[in-house]
Every structure is written in C-alpha cells, then in structure tokens.
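K.L.:
Show me the folded form of this:
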Amino acid sequence: MKKTKFQAPTGMHDILPEDQGHFQKVCNACETVLGFYGFQKIETPILEDTALYEKGTGFSTDIVQKQMFALKTRGGDHLTLRPEFTPGIVRAYLEHGMQSLPQPIKLYSLGPVFRYEHPQAGRFRQFNQLNVEVIGDDNPVLDAQIIQIFYNILKELKIKNLLVEINSIGDNQCRPYYKKLLVSYFKSRDASLCADCRRRLKENPLRILDCEEEKCQRVVSQAPQLIDHLCEECHSHFKGVLEFLDETELPYRLNPYLVRGLDYYTKTAFEIFSEDQKKTDQEAPPKRALVGGGRYDGLVKLLGGEDTKAVGGAMGIERVISLIKDKEIKVAKSGTPQIFMAQLGTMAKRKSLKLLEDFRRVKINVAESFGKDSLKAQLRMADKLGARYTLLLGQKEALDGTIIIRDMKTGKQEIVKFEKTVREMQKRLKSKH
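P.N.:
I've put the predicted structure just below:
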C-alpha cells in the first residue's frame, strides 16, 4: 500500500468501520453487566491538572515519571491527557459533593486514556479503557464483587479459561515494615537488577515486584512475601475477600508478588488473565492482564476529602478485542439491511428519498445507492450486501405510482402500489422470522 503523507501519530491507531462491531460488542457487554449491578456512568474531562496525577497516581510511578502527555497552556495552566481514570473520578466525587449522597457510590467510565510509552504489541499510546469504581465502603464483599463483575463481562464476551490472580499489599500499618525487609533483600542483590529497579529500590521498592525483566523476576521469586507480614486488619480483610470469592466459585490463584503500579493501592490487588492468550508472541510477554485493580482506601483523603474507603478496577478494551479476534469469536453484524432500494431517473430518486424516510420511521433498515444510475451496479451491490429483497423504482413506476419487489433468492418479481410498499415489506419480513 502506498505510504501517505500524513499518518496516525506513533502508537495511536484508527478504529476502522470493520472494527466497530468488536468495539460495540465489548462496550455493550460492559454496559449491560454494569447496569445490572447498579453502576452509573460518569464522563470526566480528557485533560486534568497535572498535579492531580502527580499527587493521586504517585510521583514515583512510571506513569508520572515516564508516561504522561503533559502540556502547558498559553495561560500557564499545567494540564495532562488522562493516563488513567481513577484520580479524575475521585476529583469529580469531591467536587460535586457526592460524599453527601447515600454511600457507596458506584460509577463507571468508558473512553480513551493516554500513555507516552514505547509502542509494542498490545500496547498503544492512546487506548480505550473500562473503569469501575465503588467509593464509600470498606466491606471485602465489594472487592469480590468488582472482581466478579469484570469476570462476568469477559464471560459474556465468550472469553474462556479465565484466571484471577490476587494478593494483599497491606496498608500504612504493615507495609512500612515489609518495605524495609524488601530493601534489605534487594540491596544485597542490586547488581542483578535492571537500571529501573535500582532506581525503584530508592523510591518505591514494591514496584520491583512488578518488573517484567527476566533477570529481575529471578531475584523477585525469592523475595520476602508481604502476605506473611500483614497486620491483623489487612489479614482479616483479605481472608474475607477470599471467602467471598470461594462462595462465587471464581477460579483464583494467590500471587504473593502481585502489586499494582500505582501508589494509592492498599490491601486487595488483583489481575484477570485468559490462559488462552498467545504464548508464542515474541514481541510481548506471554500474557498481559486483561483487567487489573484493587482497593485504594487513602486516595479520597489524599486529594482533599474525608477518610473514604474505595475499590475499583480497569479493563483494556483493545486487549480484549485482540483476544476475541485471536480466538475467532464471532461478532454478529448488527442491523444488516434486508432490503435494498434501487432507482433509475430523477423522479424515481425523489420518490425513493421519501420512501427511505417512511422505512426509517418504522425502524426497518434499508440500503441504497442514490449516487449510482446503473441498475446493474445497484443490483450487484444488493447482492453483495446480502439483501433479501430489492425494491425497483424506475421512470415508468414513478409515473404509474407502483414499485417492483424482487425476491433476491428466487428472482421472482411482483408489482405493488407505491403507497403500500412499507406495509407489504413489513408483512414479508415478519413472515420470514
């Protein structure tokens, strides 16, 4: 294909008409499941104050250090294209006084997020995400329910062999002691760590557990486990989450080294994978989480609110679509027209235009090609679209007040009165179902 002068920016991609069916399918599944569980949609600005992410997501995180699209406006404001939803949703929760409403508040968002990172297989600089939040309750049943909701969405999309990995990363009571243990362990092995992890050792040693570098993974596999050092409250909360998951019979696996890459997480951390994900892709790790999330009990207070507990998660839409395509899960084409309208001549075009509106009013999809004058070309298009019937309207029919209905399967034609066209087609389509 000839290279064009302008192309999509590096790491960003077009969602072409042939891919819209997949996007619609995934978004519909998300909204149907979340509607059942009583979640309400919220849309926050794509641009937020840079300080919101520096404070909320965490200054030492990869997102803030390396991945944000930040800009300074002519008026001197420092803004950032959202790299994730949660800080913006918590900002909206506080700004609009949602803390005075009956708690918890259940919210979800669907839309684009932006990360300035090296584009590779399965990773984009602009991608779409489903974000789900429950703000205002610390009951472990909600942690389990968030996991169950994402699990159900993936099941609804016919994605099989799902596995939940889960861990507790403690809170401000037990994590400081664990961090000291980690630093002591990694310091004696820092020569075996990558450059990023040597930096993380000073700023946030927990993030070393999340590193995908193979040499770091070897060191991590022998590191102390936080689950052995949880305080009583965190231990009790985690036990509660696992008991609720046992009750729902969700398949999960404890992963003592699972952490999330954001500073605000406390207690529960989880990821959901499909074991069907390609294991042969040389450009990417064998599997990447379709969903990730956890509890963030300190974020609302950090951003200026009262002490408010919360839990949530996010799902990468493109990652899910990629898996649907890999597994060749069928996506039904919605609204394929069963009727094609072919016309010849100016008078026939005028009458066809009005007839098309009559069909729209009764919610019957009709395809047409008003720009074409060749009947042969129009019939070829009707055939290609798989239309069951073609309506033929020429100069003679326009003058006579009639229309020809052609059955595209049998080739049989019938002339009916023009004003009875819609009623006749309603009758025919009904009898075919």
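K.L.:
list the contacts for residue 179?
P.N.:
Going by C-beta atoms under 8 Å, 6 or more residues apart in numbering, residue 179 touches 205, 206. Yep, even glycine has a C-beta here, placed from its N, CA and C like the rest.
K.L.:
how near is it to residue 56?
P.N.:
21 Å (C-beta to C-beta, to the nearest Å).
K.L.:
May I have the phi/psi pair for the residue nearest to residue 370 when sequence neighbours are not counted?
P.N.:
Closest residue to residue 370 in three dimensions, ignoring its sequence neighbours and counting by C-beta to C-beta, 6 or more residues apart in numbering: residue 349, at 6.0 Å. Main-chain dihedrals, residue 349, degrees, to the nearest 10: phi -60, psi -40.
K.L.:
Would you map the helices across the stretch 151-300 of the chain?
P.N.:
175-187, 195-203, 214-220, 232-248, 299-302 (DSSP state H, counting those that start in this stretch).
K.L.:
so how far is the helix or strand of the chain with the lowest mean pLDDT off the chain centroid?
P.N.:
Lowest by mean pLDDT, DSSP states H and E among the helices and strands of the chain is helix 62, with a mean of 71. Centre-to-centre, helix 62 and its host chain are 21 Å apart (C-alpha atoms, centre = their mean, to the nearest Å).
K.L.:
Which elements pack onto it?
P.N.:
Using 3 or more C-beta pairs under 8 Å, 6 or more residues apart in numbering; DSSP states H and E, no helix or strand is in contact with helix 62.
K.L.:
Now do the helix or strand just after that helix: distance to the chain's middle.
P.N.:
Next in sequence after helix 62, counting helices and strands by DSSP states H and E, comes strand 69-72. The chain centroid and the centroid of strand 69-72 are separated by 24 Å, computed with C-alpha atoms, centre = their mean.
K.L.:
what sits up against strand 69-72?
P.N.:
With C-beta under 8 Å, 6+ apart as the contact definition, strand 69-72 has outside contacts at 50, 78, 79, 80, 81, 83, 114, 116, 125.
K.L.:
I'd like the next helix or strand past that strand.
P.N.:
Sequence-wise, the next helix or strand downstream of strand 69-72 (DSSP H and E) is strand 78-81.
K.L.:
buried set for that next one?
P.N.:
For strand 78-81, a neighbour-count test (16 or more other C-beta atoms under 10 Å) marks 79, 80, 81 as buried.
K.L.:
The last one and residue 112: what is the separation?
P.N.:
Right, the one you point to is residue 81. Distance of residue 81 to residue 112, computed by C-beta to C-beta: 9 Å.
K.L.:
list residues touching both of the two?
P.N.:
residue 46.
K.L.:
List the buried residues of stretch 88-97.
P.N.:
Of all the residues in stretch 88-97, those buried under the rule 16+ other C-beta under 10 Å are 88, 89, 90, 91, 92, 93, 94.
K.L.:
Now do the residue nearest to residue 190 when sequence neighbours are not counted: how many residues are near it, please.
P.N.:
Leaving out its chain neighbours, the residue that sits closest to residue 190 by C-beta to C-beta, 6+ apart is residue 198, at 5.6 Å. Residue 198 has 15 neighbouring residues, counting by other C-beta atoms under 10 Å.
K.L.:
likewise residue 194?
P.N.:
Residue 194 has 16 nearby residues by other C-beta under 10 Å.
K.L.:
quick one: it from residue 115, how far?
P.N.:
20 Å.
K.L.:
do the same with residue 247
P.N.:
Separation of residue 247 from residue 115 (C-beta to C-beta): 36 Å.
K.L.:
Who are the packing partners of the longest helix along the chain?
P.N.:
Counting residues, the longest helix found in the chain (DSSP state H) is helix 17-36. Counting contacts by 3+ C-beta pairs under 8 Å, 6+ apart, helix 17-36 packs against strand 105-114, strand 126-135, helix 140-156, helix 317-326.
K.L.:
does residue 407 have beta-bridge partners, and which?
P.N.:
Beta-bridge pairing for residue 407 (DSSP bridges): residue 389.
K.L.:
who's in contact with it?
P.N.:
388, 389, 413.
K.L.:
which one of these has the most neighbours?
P.N.:
Among the contacts of residue 407, the one with the most neighbours (other C-beta under 10 Å) is residue 389, at 21 neighbours.
K.L.:
Wait, that one touches residue 425, no?
P.N.:
Yes: with contact defined as C-beta atoms under 8 Å, residue 389 reaches residue 425; the gap is 6.9 Å.
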